[in-house]
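In: task: produce atomic coordinates for the following.
(2 chains)
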Amino acid sequence: DAGVTQSPTHLIKTRGQQVTLRCSPISGHKSVSWYQQVLGQGPQFIFQYYEKEERGRGNFPDRFSARQFPNYSSELNVNALLLGDSALYLCASSSGLAGQYNEQFFGPGTRLTVL
Amino acid sequence: GNSVTQMEGPVTLSEEAFLTINCTYTATGYPSLFWYVQYPGEGLQLLLKATKADDKGSNKGFEATYRKETTSFHLEKGSVQVSDSAVYFCALRGSGNTGKLIFGQGTTLQVKP
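Out: Okay, the predicted model is just below:
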C-alpha cells in the first residue's frame, strides 16, 4: 500500500508570494496533520484536520491556512511568504483521533525555500 | 505547556557501541511518548512508543521505558550499526483526542565503522 504522499518535493519561492502544498493520506485514513520543520529543529505542529474539520491549530500566524477535501487529501496554503518560512513541511496521516487510531504516519515532506 | 527536551548532539559512536539518548518531558495528565527517526532526505519514521507509565517500547534493537517518576523516556540500544546513523526525535502527545505531537529538537547520531 502507498504511504503518505506529498507534492511537490521541492519548491522555491520569493518573499511575498503564496504557496500551496499538497498531501494525500494513506488509504482509509481520515485525519491529516501538518508540521513545519526548520533546519536543525524538531517539527512544529501547524494544523490537524479530521473528517474535513479543523481539530487543532498550532501557534502559527493567519498567513497559514489549510483544508481537507472529501477524499481526505489536504492542502496547506501560506500567504505573504517570509524568509523564515523556509523549512521542510511534513504531512502526517492517521486513521482517527483517539488512542491507537491516532498513530501518525509521516510523508517525505516538501522542502520550501523562500528567497 | 507541554514540552520535550533532548540531549544535544551530535553523538558519535563506533560500531557496536552502546547508545543512550536522553529525553525528558513536561506534561500535564498522562501523555503518550514516542521516538521517531529521520534518515537523510527522508520524512519521520516511528521507531517505538509507550502509552502509559512503566511501559517499554522496543523495535529493531532500540528500547525506551516510560518513567513517570523522572519524566523521562531515554532511548537505548546495546550495539549500534553504521545504518543507525540518523536524527532521532523524542516526542509526546498529550492526553485527549488530539493528534498534536510535540517534538524535541532532535539528536544526530553518527556511527563510524
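In: from here on, just use CA atoms for contacts and neighbour counts.
Out: OK.
In: run through the residues that contact B:Ala27.
Out: Contact partners of B:Ala27, counting by C-alpha atoms under 8 Å, 6 or more residues apart in numbering or on different chains, are B:1-3, B:94.
In: an error on my part: the question was meant for A:Gln44.
Out: Residues touching A:Gln44, when contacts are defined by C-alpha under 8 Å, 6+ apart, comprise A:35-37, A:58, B:102-103.
In: returning to that earlier point: any of the contacts of B:Ala27 buried? List them.
Out: In terms of neighbour count (16 or more other C-alpha atoms under 10 Å in any protein chain shown), the buried residues within the contacts of B:Ala27 are B:Gly94.
In: could the contacts of A:Gln44 go into CSV alongside pLDDT, neighbour count and distance to B:Val82?
Out: Supplementary listing: those in CSV, determined by pLDDT from 0 to 100; neighbours: other C-alpha atoms under 10 Å in any protein chain shown; distance: C-alpha to C-alpha, whole Å:
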residue, pLDDT, neighbour count, distance to B:Val82
A:Tyr35, 97, 23, 29
A:Gln36, 97, 23, 28
A:Gln37, 95, 19, 25
A:Gly58, 93, 13, 36
B:Ile102, 94, 22, 28
B:Phe103, 96, 26, 25
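In: now, which of those residues sits nearest A:Asn71?
Out: Using C-alpha to C-alpha, A:Tyr35 is the member of these that lies nearest A:Asn71, at 20.6 Å.
In: you'd agree B:Leu46 is up against B:Gln38?
Out: No - because the distance of 9.0 Å does not satisfy C-alpha atoms under 8 Å, B:Leu46 is recorded as not touching B:Gln38.
In: returning to that earlier point: the contacts of B:Ala27: which ones sit near chain A?
Out: Cross-checking the contacts of B:Ala27 against chain A (C-alpha under 8 Å from any C-alpha of the partner chain) gives no overlapping residues.
In: where do the strands of chain B begin and end?
Out: For chain B, the strands identified by DSSP state E occupy B:3-6, B:11-14, B:19-21, B:23-26, B:32-38, B:44-50, B:56-59, B:62-65, B:75-77, B:86-93, B:101-103, B:107-112, in order along the chain.
In: likewise chain A?
Out: So, for chain A - with DSSP E - the strands run A:5-7, A:10-13, A:19-24, A:31-37, A:44-50, A:53-57, A:64-68, A:74-78, A:87-94, A:105-106, A:110-114.
In: dump those strands into TSV; add distance to B:Cys90 as well.
Out: As requested, the strands of chain A are arranged in TSV below (distance: least, C-alpha to C-alpha, whole Å):
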stretch	distance to B:Cys90
strand A:5-7	23
strand A:10-13	26
strand A:19-24	24
strand A:31-37	14
strand A:44-50	13
strand A:53-57	21
strand A:64-68	26
strand A:74-78	25
strand A:87-94	16
strand A:105-106	15
strand A:110-114	22
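In: appreciated, that's everything.
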